[in-house]
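Participant: turn this into a structure:
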Amino acid sequence: MKDLWLKKNNQAANTYMDEVSRANQFTSHHNGYIKVPVKILRCIGLSAFEKLILMDLIAYMSDKTLCYPTIEMIARNVGCSSKSIERHIKELEEKKMNLVSQDRKNNTYYLPNYLHCHPYLLMSEKTHEFIGGVRKQVNERELTLWMKGIVKSDESKVFKPNCNDFMNIAFLWISLQRRRYWTVIPSS
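Facilitator: Residues are numbered from 1 along each chain as shown. Next comes the predicted model:
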């Protein structure tokens, strides 16, 4: 039994996760998956807690369009205080990554219908493409910190949800940032 924990897994990650997610005598209630796009995981405009909260809300929604977990339930699942959860949920709402309807008892959470073309997700994906193209020519750490600074700037918060414009804005934004980046950080 001792050696069981020291052996490496030889299955592909997705196949192995199928095995991990199956119900057994210890985990009959919590089994299966949540379906979260990699775009959310790699989104530069979201903090680690915001990503975890969004994933937790998606897990609660499952095949429904809404969910209503308590702040304490989310805090327990994510691993931080209820005050932090309240702050991060407010930030997610300000970033238009989720919609919150307040009730007497609990909040009701919804995903916006434009999440597939949200500027944070589109800009993050274009940024990852850009970084992939120049990572051998520049300091990747400096480039990542520079991009995070841009996403957190006041200029990037002026976007209003309108899917028709998001793709054009994302392409324009990344092309402008490429030009600005090359003038700020010379290649090594």
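Participant: low-confidence stretches in the protein?
Facilitator: Low-confidence segments of the chain (pLDDT under 70): 1-6, 23-31, 151, 154-188.
Participant: center of this structure, which residue is that?
Facilitator: residue 40 (3.0 Å; C-alpha atoms, centre = their mean).
Participant: check contacts around residue 95.
Facilitator: Neighbouring residues of residue 95 by C-beta atoms under 8 Å, 6 or more residues apart in numbering: 45, 46, 50, 120. Quick note: C-beta positions are derived from backbone N, CA and C, even for glycine.
Participant: so which helix or strand takes in the residue nearest to the centre of the chain?
Facilitator: In this assignment (DSSP states H and E), residue 40 forms part of helix 38-41.
Participant: helices or strands up against that helix?
Facilitator: Here helix 38-41 touches helix 48-61, helix 119-134, going by 3 or more C-beta pairs under 8 Å, 6 or more residues apart in numbering; DSSP states H and E.
Participant: now for the last one, which elements pack on it?
Facilitator: Of the remaining helices and strands, those touching helix 119-134 by 3+ C-beta pairs under 8 Å, 6+ apart are helix 38-41, helix 140-152, helix 163-184.
Participant: residue 14: which element?
Facilitator: Going by DSSP H and E, residue 14 is part of helix 13-21.
Participant: err, residue 87, not the other one
Facilitator: Using DSSP H and E, residue 87 falls within helix 82-94.
Participant: tilt between that helix and helix 48-61?
Facilitator: Orientation check (axes from the mean of the first three to the mean of the last three C-alpha atoms, to 10 degrees): helix 82-94 against helix 48-61 gives 80 degrees.
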